[in-house]
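1. Need coordinates for the following:
(one chain, ligands or ions: 2)
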Amino acid sequence: MGRKISIVSGKGGVGKSTIACGIALALAKSNFSVCLVDLDIGLNNLDVYLGLENKVVYDLGDCINGKCRLKQALVNLSGVENLYLLPSVRFATENYAATDIEPIVSKLSSVFDFVLIDAPAGMNAGFEMAIKASNETIVVVTPHVSSLRDADKVISRLKGAGINNVNVVVNRIRGDMVARGEMLSHEQVARLLKTPLLGVVPESDNINIYSSFRFERIAKNKEVVIFSILAHNLRSDKKIIYDYQSRYKGVLGMIRRAMKRSL
Ligand SMILES: Nc1ncnc2c1ncn2[C@@H]1O[C@H](COP(=O)(O)OP(=O)(O)OP(=O)(O)O)[C@@H](O)[C@H]1O
Ligand SMILES: [Mg+2]
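-> Ligands and ions are numbered 1, 2, ... in the order given. A predicted model of the protein is given here:
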């Protein structure tokens, strides 16, 4: 059976979908079969992020309502033969329950090595469906007070539901600000949340995952490395943390920090 992992957050817009796509692409590049499930009902994002919008015919709702077979709803990412998307319900006209989602995710996990569920923000019905359908959870958080406070609530809820396999990804961290003591480091975030760290994703102007991976052959860029490390950490007890502060250490780093501040 494949692993069923939900990607959640307290606060919205902290990077769940970005990180779900990045990890999925990195796992697929390592020859694992991956299915991304977009559970952000009515607010489909993953098809757009992966450039698959025009290929979507059926969606999760159609599978639940028996309008199509699960296989018919899956959309393959061109050029990455082992990565599929189960698109979210595009027009939410009815409510769904965890019992609708669980059998679908379970079926997917019998075929794919990894099923990654991109949950909606907050602790609404979509969140509950995601955590019930999975047995591991990644909480995405940014190193800002509001995001941390909401992540803390989510982690308490997960613990309350008896879900212990929880890891944190710190997104949008900035090496220059951490070096200046203006932003919490990844260690501080993990300590505050009392939750193991899966890894970090620094703030990046080039976070467009799909194009990063498409052009991997000609440009082994930073984003590809960052998500490959996260994918590695998912499979290993020995976690590697991307050194987002290296550019800001030493004399050169001091100049870079000063330049960033003056921009
Ligand atoms: N590390 C990063 N550096 C720069 N921009 C980022 C980073 N991570 C995410 N973003 C940007 O932040 C925005 C929100 O990201 P994303 O859609 O992944 O968040 P989300 O948590 O899935 O949002 P929602 O709660 O609405 O589902 C996007 O424009 C994305 O490109
Ligand atoms: Mg999202």
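2. Can I get stretch 37-57 in CSV? Just the C-alpha atoms.
-> Extracted in CSV, the C-alpha atoms of stretch 37-57 (Å, rounded to 0.1, in the frame of the first residue of the first chain):
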residue,chain,number,x,y,z
VAL,A,37,-5.5,14.8,-4.8
ASP,A,38,-6.9,18.4,-4.8
LEU,A,39,-9.3,18.6,-1.9
ASP,A,40,-9.8,22.3,-2.0
ILE,A,41,-13.4,21.9,-3.1
GLY,A,42,-14.7,24.7,-5.3
LEU,A,43,-11.3,26.4,-5.3
ASN,A,44,-9.3,24.1,-7.6
ASN,A,45,-5.6,25.2,-7.8
LEU,A,46,-3.5,22.2,-8.5
ASP,A,47,-4.7,21.8,-12.1
VAL,A,48,-3.8,25.5,-12.7
TYR,A,49,-0.4,25.2,-10.9
LEU,A,50,0.5,22.1,-13.0
GLY,A,51,-0.8,23.6,-16.3
LEU,A,52,-3.5,20.9,-16.5
GLU,A,53,-6.6,23.1,-16.5
ASN,A,54,-7.5,22.3,-20.1
LYS,A,55,-7.0,18.5,-19.6
VAL,A,56,-9.6,18.2,-16.8
VAL,A,57,-12.7,16.3,-17.9
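3. who's in contact with it?
-> 6, 17-18, 20-21, 36, 59-61, 68, 72-73, 75, 77, 85-92, 96, 101, 104-105, 108, 115-120, 126, 129-130, 209-210 (Cβ atoms under 8 Å, 6 or more residues apart in numbering). No exception for glycine: its C-beta is placed from N, CA and C like everyone else's.
4. Report the distance from it to the chain centre.
-> 14 Å (Cα atoms, centre = their mean, to the nearest Å).
5. in it, what's buried?
-> 37-41, 44-47, 49-50, 52, 56 (16 or more other Cβ atoms under 10 Å).
6. Is that stretch positioned near ligand 1?
-> Yes - under the criterion of Cβ under 6 Å from any ligand atom, ligand 1 is reached by stretch 37-57 at 40, 45.
7. Can you give me the neighbour number for the residue in the stretch 151-263 of the chain that ligand 2 sits nearest to?
-> For the stretch 151-263 of the chain, the residue closest to ligand 2 is N171, as judged by Cβ to the ion, at 11.9 Å. The number of residues packed around N171, counting by other Cβ atoms under 10 Å, is 23.
8. shouldn't it be in contact with I138?
-> No - using Cβ atoms under 8 Å, N171 is not in contact with I138; the gap is 10.6 Å.
9. Mutual contacts of these two, please.
-> In contact with both N171 and I138: I19, using Cβ under 8 Å, 6+ apart.
10. and the buried residues of stretch 37-57, which of them are in helices?
-> 46-47, 49 (DSSP state H).
11. Quickly name whichever of these is closest to A26.
-> A26 has its nearest neighbour among those in Y49, at 14.6 Å by Cβ to Cβ.
12. Give me the distance between the closest one and I209.
-> 7 Å (Cβ to Cβ, to the nearest Å).
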